[in-house]
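> Mind looking at a prediction? Sequence and model below.
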Amino acid sequence: MAVPNEEHPDLNLSLLCDFYELTMGNAYYANGLGERITYFDLYFRSLPEKGGYCIAAGLEQAVRYLQALRFTEQDIAFLRAKGIFDEGFLRYLADFRFCCDVWAVPEGTAVFPNEPLVTVRGPAIQTHLLETMLLLTINHQTLIATKASRIVRAAGGRTVMEFGSRRAQGYSSAIYGARAAYIAGCIGSACTLAEKLFGVPALGTMSHAWVQMFDSELEAFRTYARQYPDSATLLVDTYNVLESGLPNAIRAFQEEVLPRGFRPKGIRIDSGDIAYLSKQARRMLDEAGLNDCKITASNSLDEYIIRDTILQGAAVDNFGVGERLITARNEPVLGGVYKLVAVEEEGEIIPKIKVSENVSKITTPHFKRPYRLFDRRNGKAIADVLCVHDERINDKKPYLLFDPEYPWKRKRVSNFEARELLVQVFKRGKLCYDLPALEEIRAHCAASQDTLWDEVKRFENPHRYYVDLSRKLWETKQAMLEQSGAGTP
C-alpha cells in the first residue's frame, strides 16, 4: 500500500511501527515467548462527532501491507546500529514471513464501538509488530468514510464530490481519503492519482486563476467554453456572482456552447451566501432557457452547512466538499485501539482482560465471533452481539438480548436473521479472501447504511445502536473482573 516518493522510490513500510513494538519483539524472542500464539482485536471506543455509526474502510490497504511485510538488509542494518537488539532477533526479522490468521469486517460495513473491526491471531512477535500500521490504516479511512457518509446523507440525493486534496494532511491522506470518500458515496474526487490507483473518478471545474488570466471575465468563459463545449462548468464568483459572473456565463453558453450543438453543463459558486446566490442563479439560468444547467456549490462545506442551505431552499445540484471532509475537521481522530484479548496454551484459548479505573478502557476478553441480527420483516439491523468464538446464534428461535452495562435491561427478539460480521482474510499468512472491487464496496456501503434506522443516522442525539455480549461472554468478563478485584464496572 506504500506510496513511493522521490526520496524513497522503493518505500518499505515494515519499520512504520512504534519502536516499542520492536523492543517488545526482541524481549519476546530473548525470553522464549516469540512464538506464543496471541489474539488481538482492533476496535474503537467512541463514535466521532457523537454520531450514530462508522463506516469500516481501509482493509484492502491493510491487506497489501501484510502481503508486502518484509525487512530489508537496510532495515536490519539500521536496527543493528541501535545496539540493543539480539542478533537472533535480527535474523528472525531478516527471515520474516507473515504467518498470522486475520479476520475483518468487510469494507463499507456500518460498525459500532467496542466490536472488533479486525482480529489477528498469530505469534506474539508478529501480532505486536502489526499494531501501528493496522491502526493508522483502518483509523484513517474509517474516519474519512464516516465523515463522507454524513455529508452525502446531508445532501439528500444531490451529488457530492471530494475536493480536499490540497488541504489533506499529506499526500497519502489525500489519496486514501479520496478512496474512503468514494466508498461512502461521493461520486468522485479532485485527486487525479486516486483514479489512476483505485478507479475513483477524477473530477474538476475551473480555477479563479483562469478567469484572472484574461482581460475580461467574458473572454475567459468564452475561451473555456470553446475548449470544453460538452463539459464546461464555469466558476462565476471571481468578481461578482450576480452582476457579472452569471450574465457572462449565460452569454458564453449561448455564444459558444449552444451553437456547437451541446448543452451547458453548469456553473460553480465558491463563496458568498450559497442559499441566496444559488436561488438567484437558478432564476437567471431558467429565464435564459438553461433549465438543465446544474449549479455546484463549494467553499468550506460540511454536513451541517449543507443541511442548513437545503433547508433554506438552496437551488444546488452538486456539492464540492474539501477540507472539512478530507481532514474530518470537526473531529479529526478515530480512537481505534489494538488490544490483546487472548493467548493459547497447549491449544487452549485463554481469555485476557485489561482493567482500568477508566471504565471505557476495560477490554472485552476472548477470541470473539460477532453477529448482526436483522429483522426479517423489514431487513433493519436490530443489534450486534459479541459471542465467544465457539458459540453460534440460532436464529430459528427467540434470542434474549441484554445491555452489558445494565444487564436488567433486556429484549427478546424473534423472526430475525443472524449474520456473522467478520470474514477470514488470511489463513496462516496466506490471503484467503477475494478482495472486492471498489464499486462492490461502495454498493455494500450503501446497502449497509440502508439497514440502519433513520434514528440511528441522526446527526444530533442519534439513537444508540446496541452492541451486546452473549451470556457466556458477559459471564466470562464479569468473572475476570472479579478475579482482578475490579468488581463490576
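Noted; the coordinates are in hand. Numbers count the residues shown, from 1 in each chain.
> Could you chop the protein up by domain?
The chain resolves into domains spanning 19-144+332-484, 152-326 when parsed by automatic domain parsing.
> end-to-end on the longest one?
Between the start and the finish of domain 19-144+332-484 there is a gap of 30 Å, counting by C-alpha to C-alpha, to the nearest Å.
> what about this protein, any weak spots by pLDDT?
Applying pLDDT under 70 to the chain flags the ranges 1-10, 486-489.
> coming back round to it: would you mind finding the most buried of the domains of the chain?
domain 152-326 (a mean of 19; mean count of other C-beta atoms under 10 Å). All C-beta atoms are positioned from the backbone trio N, CA, C, and that covers glycine.
> could you point out the longest strand in this protein?
Criterion DSSP state E: the longest strand present in the chain is strand 336-345.
> got the CA coordinates for that one in PDB?
Output of strand 336-345 as PDB, limited to C-alpha atoms (Å, rounded to 0.1, in the frame of the first residue of the first chain):
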ATOM      1  CA  GLY A 336      -9.100   3.000  17.400                       C
ATOM      2  CA  VAL A 337      -7.100   0.700  19.700                       C
ATOM      3  CA  TYR A 338      -5.400  -2.700  19.300                       C
ATOM      4  CA  LYS A 339      -5.700  -4.900  22.400                       C
ATOM      5  CA  LEU A 340      -4.600  -8.300  23.500                       C
ATOM      6  CA  VAL A 341      -7.800 -10.400  24.200                       C
ATOM      7  CA  ALA A 342      -6.500 -14.000  24.400                       C
ATOM      8  CA  VAL A 343      -3.500 -16.300  24.300                       C
ATOM      9  CA  GLU A 344      -3.100 -20.000  23.500                       C
ATOM     10  CA  GLU A 345      -1.600 -22.500  26.000                       C
END
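> Sheet partners, orientation included, of that strand?
Partners of strand 336-345 in the sheet, by DSSP bridges, are strand 37-44 (antiparallel), strand 348-351 (antiparallel).
> quick one: the first one to chain centroid distance?
Looking back up the chat, that one is strand 37-44. Mean-position distance between strand 37-44 and its chain equals 19 Å (C-alpha atoms, centre = their mean, to the nearest Å).
> And stretch 74-87, by the same measure?
Its chain's average C-alpha position is 35 Å from that of stretch 74-87, according to C-alpha atoms, centre = their mean.
> For that stretch, give me every contacting residue.
With contacts defined as C-beta atoms under 8 Å, 6 or more residues apart in numbering, stretch 74-87 is touched by N12, S14, L15, L22, T23, N26, Y29, A30, L90, L93, A94.
> Report the two of those residues separated the most.
For the contacts of stretch 74-87, the farthest-apart pair by C-beta to C-beta is N12 and A30; their separation is 25.1 Å.
> ok, which stretches of the stretch 1-150 of the chain are strands?
Applying DSSP state E, counting those that start in this stretch to the stretch 1-150 of the chain gives strands spanning 37-44, 54-55, 101-104, 110-111, 118-123.
> what's the closest of the ones you listed to S484?
For S484, the closest of these is strand 37-44, at 18.6 Å, according to C-beta to C-beta.
> relative orientation of that closest one and strand 118-123 in degrees?
160 degrees (axes from the mean of the first three to the mean of the last three C-alpha atoms, to 10 degrees).
> how near is L134 to I349?
21 Å (C-beta to C-beta, to the nearest Å).
> Hmm, I typed the wrong one, I wanted G177.
In this view, G177 and I349 are 37 Å apart by C-beta to C-beta.
> for G429, same thing?
Note on G429: its distance to I349, by C-beta to C-beta, is 20 Å.
> Could you do E162 as well?
For E162, the distance to I349 equals 43 Å [C-beta to C-beta].
> ditto for L401
25 Å.
> thinking again about what came up before, give me the contacts around the longest strand of the chain.
Outside strand 336-345, the residues within contact range by C-beta under 8 Å, 6+ apart are 36-45, 117, 130-131, 134-135, 138-139, 142, 349-354, 363-368.
> One more: stretch 386-405?
With contacts defined as C-beta under 8 Å, 6+ apart, stretch 386-405 is touched by 115-116, 349, 364, 366-371, 373, 382-383, 385, 408-414, 416-418, 466-474, 476-477, 489.
> which stretches of the stretch 151-300 of the chain form strands?
Using DSSP E, counting those that start in this stretch, the strands of the stretch 151-300 of the chain run over residues 159-162, 233-235, 266-269, 294-297.
> Next, format these as TSV and append distance to V333.
Formatted as TSV, those follow (distance: least, C-beta to C-beta, whole Å):
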stretch	distance to V333
strand 159-162	19
strand 233-235	34
strand 266-269	31
strand 294-297	28
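> wait, which of these is closest to V257?
strand 233-235 (9.9 Å).
> Against which helices or strands is the closest one packed?
Strand 233-235 sits against helix 208-212, helix 217-227, strand 266-269, with contacts defined as 3 or more C-beta pairs under 8 Å, 6 or more residues apart in numbering; DSSP states H and E.
> and the contacts of stretch 386-405, which of them are in helices?
Using DSSP state H, the members of the contacts of stretch 386-405 that fall in helices are R471, K472, L473, W474, T476, K477.
> Now the fourth one: closest residue in space that isn't a chain neighbour?
So that's W474. In this structure, W474 finds its nearest non-sequential neighbour in P404, 5.7 Å apart by C-beta to C-beta, 6 or more residues apart in numbering.
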